[in-house]
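Participant: Build me a model from this:
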Amino acid sequence: MKLSGRQVGRILSLLMGVCMMFSLFGCGKPFQVLDGYGMVHVPAYVHISQDEAKLMMKDDDGHVIVDVRRSDEYAQGHIPGAILIPNEEIGTKEPEELPDKYQVILVYCRTGRRSREASQKLADMGYVNVYEFGGIEEWTGQIVTGDASSDAGAKDSNEEADDGMVLKINGEEYPVEWEDNETVEALKDLCPLTVEMSMYGGFEQVGPLGSSLPRNDEQTTTDYGDIVLYSGDQIVIFYGSNSWAYTRLGHIRADKAIMEEALGNGNVTIELGIR
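Facilitator: Sure thing, here's the model as predicted:
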């Protein structure tokens, strides 16, 4: 029986499809799925920009931020709230820290190489909402220091203090370790509070509270991120250092570059509220 050209083409296409199926589902190949049209494809992660990652981090969707660098790199500086799962430890078994395969997972490393590798491995294991956003070397948001255990402790502390104060600078929230004293308690009573701050001395922002608070001034040498009460009725946030008699209020957990960027480029507005 002689076959027409169209019939030969159909048979060749069918044979190629069978070969492709064997290739895709062969030993050692990544997890495969069929989409709604019967097409076979390899699960993949999504690469997003760091600006997109910042927007996603603001969503209250149960997302998790994953740092896939080494523990020493993580301790030197990481994105607030990020958990450490080194790329080298991600294999073919689901990490205990990521029990939900439908959870939004935001992945980064130092330059982007390891985060791409880790994201693909997670996608191969069946995680369906993996977003990779490159390296911390290009990150312009907040960065905190400390190892994984201390960061977890800080996170637990913040979760327990849900009624604590929230600080925003020009609309962006910053993590603060507030002092446990009567001045801070009195400051809470003024919340919600908006204060127009002014740059002073090339190392601080200062603004009036509109009320006098109890004070316990001590000679203090401040550093970047420190928050103090000055003269009983003014709040000061430092992006440099100064020595004077202040009452300590708290400390912003961010590195010097972040503080200089937030406070060293003109007057700012801060907002204080209760979580």
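Participant: Residue 50 is in contact with residue 138, correct?
Facilitator: Yes: using Cβ atoms under 8 Å, residue 138 is in contact with residue 50, at 6.3 Å. All C-beta atoms are positioned from the backbone trio N, CA, C, and that covers glycine.
Participant: which of these two has more neighbours?
Facilitator: More neighbours surround residue 50 than the other of residue 138 and residue 50, with 16 against 13 (other Cβ atoms under 10 Å).
Participant: Wait, the more buried one touches residue 133, no?
Facilitator: Yes: at 5.3 Å, residue 50 and residue 133 qualify as touching, with contact defined as Cβ under 8 Å.
Participant: Please list the residues outside the helix or strand hosting residue 199 that contact it.
Facilitator: Assigned by DSSP states H and E, residue 199 belongs to strand 198-200. Outside strand 198-200, the residues within contact range by Cβ atoms under 8 Å, 6 or more residues apart in numbering are 205, 206, 207, 263, 264, 266, 267.
Participant: Now for those: which two are most distant?
Facilitator: 207 and 264 (15.5 Å; Cβ to Cβ).
Participant: center of this protein, which residue is that?
Facilitator: For the chain, the residue whose C-alpha lies nearest the mean C-alpha position (Cα atoms, centre = their mean) is residue 79; its distance is 4.3 Å.
Participant: Tell me where this structure is predicted with low confidence.
Facilitator: Low-confidence segments of the chain (pLDDT under 70): 1-42, 149-163.
Participant: Quick one: residues contacting residue 218.
Facilitator: Per Cβ under 8 Å, 6+ apart, neighbours of residue 218: 245, 246, 247, 248.
Participant: who's it bridged to?
Facilitator: residue 246 (DSSP bridges).
Participant: Please apply the same query to the one 10 residues further on.
Facilitator: Taking DSSP bridges, one obtains residue 236, residue 248 as the residues bridged to residue 228.
Participant: What are the neighbouring residues in contact with it?
Facilitator: So residue 228 contacts 220, 222, 235, 236, 238, 246, 247, 248, 249 (Cβ under 8 Å, 6+ apart).
Participant: related to what we said a few turns ago, just the buried subset of the contacts of strand 198-200, written out for PyMOL, thanks.
Facilitator: To isolate the buried ones among the contacts of strand 198-200 in PyMOL, judged by 16 or more other Cβ atoms under 10 Å, type:
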select buried, resi 205+206+207+263+264
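Participant: Take the contacts of strand 198-200 and lay them out in a markdown table including secondary structure and distance to residue 199.
Facilitator: Listed next are these as a markdown table, based on DSSP: H, G, I helix; E, B strand; the rest coil; distance: Cβ to Cβ, whole Å:
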| residue | secondary structure | distance to residue 199 |
| --- | --- | --- |
| 205 | strand | 6 |
| 206 | strand | 8 |
| 207 | strand | 11 |
| 263 | helix | 8 |
| 264 | coil | 7 |
| 266 | coil | 7 |
| 267 | coil | 6 |
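Participant: The contacts of strand 198-200 into TSV, with extra columns for distance to residue 70?
Facilitator: Listed next are these as TSV, based on distance: Cβ to Cβ, whole Å:
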residue	distance to residue 70
205	36
206	40
207	41
263	31
264	31
266	38
267	40
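Participant: mind listing the strands for the stretch 51-200 of the chain?
Facilitator: 64-67, 83-84, 105-109, 130-135, 165-169, 172-174, 176-178, 193-196, 198-200 (DSSP state E, counting those that start in this stretch).
Participant: so which of those gets nearest residue 118?
Facilitator: Set against residue 118 and scored by Cβ to Cβ, the strands of the stretch 51-200 of the chain come closest in strand 105-109, at 5.8 Å.
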